[in-house]
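J.: below are the sequence and a predicted model for it; my questions follow.
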Amino acid sequence: MILVDVNLCDLCGTCIAVCPVDCIELTEFDLKISHESCIQCNACIKICPFAALTSANVEVMEDEKTL
């Protein structure tokens, strides 16, 4: 899961340009990442000039996958 630090992000849109699956959306006031579409390539993290994006590995237990 990619996390956005709103205190560091200046909404420049650089991350949007490198996302291969177009899962990042820029709104007037924030950056939204579709975690369902994200393939965890980390291209956005590597390109961000403000280090506003980080990866948070979220492990899901097998029991939690089935609802």
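T.: The structure has been received and is ready for your questions.
J.: quick one: neighbours of Ile2, just the number.
T.: Ile2 has 21 neighbours, counted by other Cβ atoms under 10 Å. Using the backbone N, CA and C atoms, a C-beta is placed for each residue, glycine as well.
J.: can you give me phi and psi for it?
T.: The phi/psi pair for Ile2 (degrees, to the nearest 10) reads phi -90, psi 130.
J.: before we move on, what about the one 3 residues further on?
T.: For Asp5, the backbone dihedrals (degrees, to the nearest 10) come out as phi -90, psi 100.
J.: which one is it nearest to, not counting chain neighbours?
T.: Of all residues not flanking Asp5 in the chain, Ala52 sits nearest, at 4.8 Å (Cβ to Cβ, 6 or more residues apart in numbering).
J.: residues touching the most centrally placed residue in the chain, list them.
T.: Centroid check for the chain by Cα atoms, centre = their mean gives Ile2 as the closest residue, at 3.6 Å. Shown in contact with Ile2 (Cβ atoms under 8 Å, 6 or more residues apart in numbering): Ile33, His35, Cys38, Gln40, Asn42, Cys44, Ile45, Leu53, Thr54, Ser55, Ala56.
J.: quick check, nearest of those to Ile16?
T.: Checking the contacts of Ile2 against Ile16 by Cβ to Cβ gives Cys44 as the nearest, at 8.1 Å.
J.: name whatever forms a beta bridge with the residue nearest to the centre of the chain.
T.: The partner list for Ile2 in beta bridges (DSSP bridges) reads Ser55.
J.: check the gap between it and Ile24 for me.
T.: Distance from Ile2 to Ile24, counting by Cβ to Cβ, to the nearest Å: 8 Å.
J.: that older thread, quick one: the residue nearest to Asp5 and Gly13 touch, right?
T.: No: the pair Ala52 / Gly13 is not scored as a contact, 11.9 Å apart, by Cβ atoms under 8 Å.
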